[in-house]
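**Student:** Fold the following.
(2 chains)
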Amino acid sequence: MTLSLFLVQTLNGLQFGILLFFIAAGLTLVFGVMDFINLAHGVQYMIGAYLAAMFTALTGNFFFGLMLALPSALLFGLLLEFLIFRHLYARDHLDQVLATFGIIIFLNQAVKVVWGAAPLSVPVPEILSGTVVLMDGLLYPAYRLALIGSGLAIALILYILVSYTRIGMLVRAGATNAPMVSALGVDISRLFMVVFGFGAMLAGFAGAMVAPILSVEPGMGDNLLILTFVVIVIGGIGSIRGAFIAALLVGLVDTLGRIFGPFLLRLIMDPSAASQTGRALAPMLIYILMAAVLFFRPAGLFPVRK
Amino acid sequence: MKPLPEPSATAAPPLPASRPGFVRREWLPIILFVLLALLPFAAMLGPEKYTLSLVTRVMIFALAAISLDLILGYGALVSFGHAAFLGIGGYAVGILAAHGFQDAALQVPVALLASGLFALLTGAISLRTKGVYFIMITLAFGQMAFFFAISLSAYGGDDGLTLASRSKLFGLSWLENDRFFYGLVLALLIGCYALTRAIVASRFGRVIRGAKENPVRMEAVGFSPFRYQLAAYVISGMICGLAGVLLANQAEFVAPAYMAWQRSGELIVMVILGGLASLHGAIIGAAAFLLLEEILSGYTEHWKLIFGPFLVLVVLFARGGLLGILARVRGKSGGGR
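**Tutor:** Sure thing, here's the model as predicted:
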């Protein structure tokens, strides 16, 4: 184990955390402001990836593909909101779980019908296809660095939006007490729609950005959705800051745990058993982290509601 | 957080004031059980093996759904990791069988003990949280169990474990007979239904329901809801573990997929689809879910394109699930929510 391996894995963890943050940001707002459990948020990430794959293939350029995929993902999210979700805001959580579960089942199958069951791949854009020398003997793919950079930029923009603009103020107020915001004369259903569309677009953006490094396939959002829930629960539902910190935490713990867990286990077990057990147990780490956080802070690290 | 759902008015009508503690006599569950008991005779006329195996599977999931309804419907404890108990029951059978202990007389107590312990441990931690956080922490424990099962490389790891045969019953291979197995599952379903019905109607059950309506008031009248909720969680986990034992025997196979979060989601869907807080609603929900899946997948490989929207429509237009629809059709007072 060397320093450079550690650095590369830390960067990988950061990159995974940033990806989680894209999805978690929308989910935590939808959850916090509208008190709406949207299990279908993961399929919006999948739709974003498929749209990017399709538009990239059509235009032959990843950036054009991305530019087309983003508004399409936004429109798709707004369409879902208009057709189904807005009828569910007033319902209890169980109805929301059932309906959005139905949407997952439908959309996972629908992408198979439209784009085929085989995974699609998207080429990494040419400008970013090289590697960057970070230090002596430490190469890192440029595209992944760009992903991390864009994530940090978006986190900053979101922070400014939420902290210093009028709409951000309304969102924060909505997360604390939505009925009161409504009573003060704010059109809460329009606020909901803006938040929802924005969240859907961020999830779609995450999907589009990972399309070149992961395979685009049906059901790709399902497991990520669960990780995202872990993130927003650790962070505290409704808190963007909490989502950011928790996303990086989960990304790092998961990635580093997978790599270094076996190393640590080797101290107490024989090597082959250690690598096998370590690989298998590493995915449990973040759930243990989440259970521990909830044990000590039942409302997450940065609780919004008082 | 929004209060968790009220039971549907149609599914669990308020108890008549004159007979507190008594559950209104319901004909629907009796009709259900009679139909299930008569089915093997009808099955002889058609593809018997297929029918029996399908309906046995339905009854096993009905058992799991009932166990979930006990805490979800009556206690508003939304466990999103309930499939873990299915897996624990299944792996108790699979692991013991792999070491040559094939007798249900050992497997069932071990399965019940293991699921009970898991429920006690995770429940004690989970019940500290409320609402959405409870949903998520039970999900976390379910995922831990799932990944732990994958890590059991000695027992098949990711691929799961094929059983050499069904469990023995005191040394006899009766379970190999599909008709006997069907009868056994039906008997267990009726037994657990009666047990949960009795629990719900008992003083213990009323504390659970009271804690759902208003935990503060329950404490004010001198109950500590935590202990009652934990006990209910353990009972629910053990019943679901029993369903896991049966499921492993029915499929003659155990795999980590038994514990996947999608499976837990499906159990919740079954309970809501049938109608919350009625117990037999869970049976109807499980039957509707699995039979619809079976029938639709017979017509088209893209059956999920029909099934998904069906679930959405049930939520949007059929409050109270299938039982709610049934009650409205019969035009009972206060139909629907």
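**Student:** got the contact list for residue 104?
**Tutor:** Picking chain A for this. Neighbouring residues of A:Ile104 by CB atoms under 8 Å, 6 or more residues apart in numbering or on different chains: A:39-40, A:42-43, A:222, B:308. Where you see a C-beta, it was placed from the backbone N, CA and C, and this is true even at glycine.
**Student:** could you do chain B instead?
**Tutor:** B:Ala104 is in contact with B:167-170, B:175, B:245, counting by CB under 8 Å, 6+ apart.
**Student:** name the element the closest residue to A:Arg91 other than its chain neighbours belongs to?
**Tutor:** What sits nearest to A:Arg91 in space, not counting adjacent residues and going by CB to CB, 6 or more residues apart in numbering or on different chains, is B:Val315, at 7.3 Å. According to DSSP states H and E, B:Val315 maps onto helix B:304-317.
**Student:** Pull out the buried residues from the following helix or strand past that helix.
**Tutor:** The helix or strand immediately downstream of helix B:304-317 is helix B:321-329, counting by DSSP H and E. Using 16 or more other CB atoms under 10 Å in any protein chain shown as the test for burial, helix B:321-329 gives B:321-328.
**Student:** How far away from the center of its chain is the lengthiest helix in chain A?
**Tutor:** Criterion DSSP state H: the longest helix present in chain A is helix A:3-34. Relative to its chain's centre, helix A:3-34 lies at 7 Å (CA atoms, centre = their mean, to the nearest Å).
**Student:** The stretch 51-200 of chain B against chain A: which residues are in contact?
**Tutor:** Counting by CB under 8 Å from any CB of the partner chain, the residues of the stretch 51-200 of chain B lying close to chain A are B:72, B:78, B:125, B:128-133, B:135-137, B:139-141, B:143-144, B:147-148, B:150-151, B:153, B:157.
**Student:** Report the buried members of those residues.
**Tutor:** Of these, these count as buried by 16+ other CB under 10 Å: B:72, B:78, B:125, B:129, B:131-133, B:135-137, B:139-141, B:143-144, B:147-148, B:150-151, B:157.
**Student:** now, which of those lie within strands?
**Tutor:** Assigned to strands by DSSP state E, none of these qualify.
**Student:** Count the neighbours of the closest residue to A:Leu248 other than its chain neighbours for me.
**Tutor:** In space, A:Leu248 comes closest to A:Gly17 once its chain neighbours are excluded; the distance is 3.9 Å by CB to CB, 6+ apart. A:Gly17 has 25 neighbouring residues, counting by other CB atoms under 10 Å in any protein chain shown.
**Student:** ditto for A:Ile188
**Tutor:** Counted with other CB under 10 Å, residues neighbouring A:Ile188 total 19.
**Student:** Phi and psi next, for it.
**Tutor:** phi -70, psi -30 (degrees, to the nearest 10).
**Student:** Does it touch A:Ser182 like I think?
**Tutor:** Yes: with contact defined as CB atoms under 8 Å, A:Ile188 and A:Ser182 form a contacting pair (4.1 Å).
**Student:** how near is the residue nearest to A:Arg91 to B:Arg217?
**Tutor:** B:Val315 sits 30 Å away from B:Arg217, taking CB to CB, to the nearest Å as the criterion.
**Student:** And those two? Which one has more around it.
**Tutor:** B:Val315 (24 against 11).
**Student:** Now do the same contact list for the more buried one.
**Tutor:** Counting by CB under 8 Å, 6+ apart, B:Val315 has contacts A:88, A:91, A:95, A:98-99, A:102.
**Student:** from those, which ones fall inside helices?
**Tutor:** Per DSSP H, the subset of these in helices is A:95, A:98-99, A:102.
**Student:** Of these, which fall within the contact range of chain B?
**Tutor:** Okay, of these touching chain B (CB under 8 Å from any CB), that's A:95, A:98-99, A:102.
**Student:** before we move on, the earlier item: go through the buried residues of helix B:321-329 and name the one nearest chain A.
**Tutor:** Distances from chain A to the buried residues of helix B:321-329, taken as CB to the nearest CB, are shortest for B:Gly321 (9.0 Å).
**Student:** Make sure the closest one is actually in contact with B:Val269.
**Tutor:** No: using CB under 8 Å, B:Gly321 is not in contact with B:Val269; the gap is 10.0 Å.
**Student:** where does A:Met46 land on pLDDT?
**Tutor:** Confidence at A:Met46, expressed as pLDDT, is 95.
**Student:** quick revisit: which of the contacts of A:Ile104 fall within helices?
**Tutor:** Reading helices off the contacts of A:Ile104 with DSSP H, I get A:42-43, A:222, B:308.
**Student:** So which of these sits lowest on pLDDT?
**Tutor:** Confidence-wise, A:Asp222 trails the rest of the ones in helices among the contacts of A:Ile104, at 86.
**Student:** Could you report the neighbour count for that residue?
**Tutor:** 19.
**Student:** Could you report the separation of the closest residue to it other than its chain neighbours from A:Ile103?
**Tutor:** Excluding the flanking residues, the one nearest A:Asp222 by CB to CB, 6+ apart is A:Gly42, at 5.8 Å. As defined by CB to CB, A:Gly42 lies at a distance of 10 Å from A:Ile103.
**Student:** Just want to know which of those two has more residues nearby.
**Tutor:** A count of neighbours by other CB under 10 Å puts A:Gly42 above the other of A:Gly42 and A:Ile103, at 28 against 23.
**Student:** For the ones in helices among the contacts of A:Ile104, give me CSV that also has distance to A:Ala52.
**Tutor:** Below are the ones in helices among the contacts of A:Ile104 laid out as CSV (distance: CB to CB, whole Å):
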residue, distance to A:Ala52
A:Gly42, 16
A:Val43, 15
A:Asp222, 19
B:Gly308, 23
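**Student:** Out of the residues you listed, which comes closest to B:Gly46?
**Tutor:** B:Gly308 (29.8 Å; CB to CB).
**Student:** That closest one against A:Gln109, yeah?
**Tutor:** Yes: at 7.0 Å, B:Gly308 counts as touching A:Gln109 under the criterion of CB under 8 Å.
**Student:** The closest residue to A:Ile103 other than its chain neighbours: what's it in contact with?
**Tutor:** The shortest distance from A:Ile103 to any non-neighbouring residue, by CB to CB, 6+ apart, is to A:Ala40 (4.2 Å). Taking CB under 8 Å, 6+ apart, we find A:Ala40 in contact with A:80, A:100, A:103-104, A:107.
**Student:** All good on my end, thank you.
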